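> Give me the fold of what follows.
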Amino acid sequence: MDRLKTKLISSLLKIKGKSPLNMARYAASHTKFYNNFYKNSSLDNFEKLPVVTKYDLIGISPYDLLSDEFKNKVILYGETSGSSGSPTSAFFTKSDFEGLISLSLLSPFASEVKNTAKLNRTAVNGLTFGFTIAGFSFGSILQKAGFLVAQLGARSTIATPERMAKTIVKLKPSVISATPLDFISWLKIIKLDYPDDYPTVVDSIKLLLSTAEPCARSRQHQIEKFFNITHINTYASVDGLVSLQCPCGEMHLIDNLLEVELLNSKLESIGPYGTGRLCFTNLVRKSTPMVRFLLDDLVTVKRSNCRYGYSKSIYPHGRYELSLDINGRTLGNLDFEEIIYRHGLFMNYKVDVYQDKINIILEDYDNNSANSFNISELQNEISSITGTSCIASLVPLGDLTEYRKVRGAKSIIKVSDKRKESRQEMPCTL
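This next block holds a predicted model:
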């Protein structure tokens with residue numbers, strides 16, 4: 001049944017969507033930005049069209065990306081967080097937004113989410129509201145699944161971590177949507193401030209829906225194990241639901257929704273599979289057509305033989321601009337995170353890469369000590385991959401994360417390349 005549903009939705013998207021070249025032609029005809037951007041390009045060969053970067057969008061009016069066909073039909077405006085220095089604008093029609101919500105129900109986890117609602121209908125949506133669309137979409141996803149949703153948001157002067165924690169204690173939800181760091185911060189505050197309620201609160205939580213913050217698989221699994229929950233992590237939801245998490249352990253690309261290309265360091269196409277810089281074309285959403293748009297995460301895309309019917313899987317390594325070349329490999333933030341969280345659940349971490357050494361600071365979460373996990377194994381694993389001596393140390397809770405204070409932005413720079421040959425570009429955060 002799941003494979004049949006997946007194939008049916010894929011077929012419907014193929015009927016509804018355009019070919020990559022036809023979407024480029026549509027964008028050139030209906031938006032001011034692409035009309036200008038393609039003025040010196042032939043619209044006969046998709047692969048020869050110039051790649052759009054976030055920096056190409058600096059200074060333009062958001063309306064330059066809006067299709068003239070939909071200027072009186074769009075109902076929602078959103079932006080990416082802008083943590084790379086240039087927020088990307090997007091407009092949604094009612095149909096666009098409803099389609100986004102419906103696609104979420106393609107997830108093989110959809111049945112588990114709906115069954116959870118039958119046992120305890122209360123859900124807390126702790127994703128931010130405002131510029132990004134994630135808060136609105138995840139709240140709607142939960143409502144569609146049958147939940148009573150507390151749209152609390154996060155990271156504002158009214159939705160402080162301590163108030164979030166207090167409200168979670170009062171409501172005892174079965175589902176929370178949040179970034180992983182916010183989620184474990186709230187649970188830590190509950191344990192410290194409401195110790196008598198903590199066991200009941202944790203027992204009531206069955207699902208964590210997370211997005212908006214990179215999360216390695218090992219970190220996801222540590223959160224699942226520590227709190228005895230199912231953790232459903234979504235990659236790049238703000239940019240159009242790029243992927244769906246699957247019980248098989250992988251994140252899948254939805255066929256016929258996006259045309260995904262991988263580019264090398266020179267922005268040359270290396271094909272649809274392998275490891276490279278992620279570039280995509282949305283084949284369905286015409287209100288804000290995005291054609292050959294460089295999301296610019298370093299990702300690996302591979303073929304999949306998933307029992308749920310998905311044919312492609314994607315794994316993010318982190319932002320390309322923050323990745324580093326070392327020991328013949330290109331490593332992203334999540335490559336370091338993957339190793340770190342295999343050794344325990346930490347509140348946060350920081351990695352500094354020098355010419356002759358790598359320093360890692362691990363922030364304690366639950367009264368760990370250096371003896372509660374094998375720190376030498378972590379050091380050896382990092383050293384083996386990077387070819388550089390590694391020193392790791394554990395610091396008390398609160399040294400890296402002011403978890404009781406409102407965060408102004410999500411954590412961006414966790415791995416800093418301090419070598420002479422570093423090509424990292426430090427993004428500005430908004």
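
> What pLDDT is listed against the closest residue to R277 other than its chain neighbours?
Spatial nearest neighbour of R277, excluding adjacent residues (Cβ to Cβ, 6 or more residues apart in numbering): L263 at 4.4 Å. C-betas here are computed from N, CA, C, even on glycine. What the model reports as pLDDT for L263 is 97.

> try S89
87.

> Enumerate every residue touching the residue lying closest to it once chain neighbours are set aside.
Nearest residue to S89 in three dimensions, chain neighbours excluded: P62, at 3.8 Å (Cβ to Cβ, 6+ apart). P62 makes contact with 77, 89, 91, according to Cβ atoms under 8 Å, 6 or more residues apart in numbering.

> Give me the distance between P62 and F91.
The spacing between P62 and F91, counted by Cβ to Cβ, to the nearest Å, is 8 Å.

> Find the residues that touch each one of the two.
With Cβ under 8 Å, 6+ apart as the test, P62 and F91 both reach Y77.

> Now the biggest strand by length in the chain: buried residues?
Longest strand of the chain, by residue count under DSSP state E: strand 293-303. Under the neighbour-count criterion of 16 or more other Cβ atoms under 10 Å, strand 293-303 has 293-299, 301 buried.

> any idea which of those is closest to Y273?
V301 (5.4 Å; Cβ to Cβ).

> per-residue confidence at that closest one?
pLDDT for V301: 96.

> outside of the longest strand of the chain, which residues touch it?
Outside strand 293-303, the residues within contact range by Cβ under 8 Å, 6+ apart are 51-54, 84, 88, 236, 239, 242, 253, 260, 262-263, 267, 272-281, 311-321, 323, 330, 332.

> Tell me which helix or strand comes right after it.
Using DSSP states H and E, the helix or strand that follows strand 293-303 towards the C-terminus is strand 312-319.

> ok, residues contacting that following strand?
Strand 312-319 has contacts (Cβ under 8 Å, 6+ apart) with 84, 214, 235-236, 242-243, 250-253, 255, 260, 272, 275, 278, 296-304, 306, 323, 330-335, 412, 415, 427.

> and those residues, which of them are in helices?
Taking DSSP state H, the ones among these that sit in helices are 333-335.

> Restrict the contacts of P62 to the buried ones and give me that as a ChimeraX selection.
Command for ChimeraX that selects the buried part of these, burial taken from 16+ other Cβ under 10 Å:
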select :89,91
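
> ok, so of the contacts of P62, who is nearest K170?
Using Cβ to Cβ, the contacts of P62 come closest to K170 at Y77, 32.9 Å.

> how close does V74 get to L295?
22 Å.

> Give me the pLDDT value at the most centrally placed residue in the chain.
In the chain, the centroid-proximal residue (Cα atoms, centre = their mean) is Y235; its distance is 3.4 Å. On the pLDDT scale, Y235 is placed at 84.

> With V238 instead?
pLDDT for V238: 56.

> What of Y55?
Y55 is assigned 85 on the pLDDT scale.

> burial count for the closest residue to the residue nearest to the centre of the chain other than its chain neighbours?
The spatial neighbour of Y235 that comes closest, neighbours along the chain excluded (Cβ to Cβ, 6+ apart), is S243 at 4.6 Å. Look at S243: counted by other Cβ atoms under 10 Å, it has 23 neighbours.

> Please give me every residue in contact with S243.
234-236, 251-254, 314 are the contacts of S243 under Cβ under 8 Å, 6+ apart.

> Which of those residues sits closest to N35?
A236 (26.8 Å).

> separation between that closest one and S372?
Using Cβ to Cβ, A236 is found at 34 Å from S372.

> More neighbours: which of the two?
Using other Cβ under 10 Å as the criterion, A236 and S372 rank with A236 on top: 21 against 13.

> and that one, what is it in contact with?
With contact set as Cβ under 8 Å, 6+ apart, A236 has these partners: 242-243, 295, 297, 316.

> hang on, isn't F136 packed against N125?
No: assessed by Cβ atoms under 8 Å, F136 is found out of contact with N125, at 9.2 Å.
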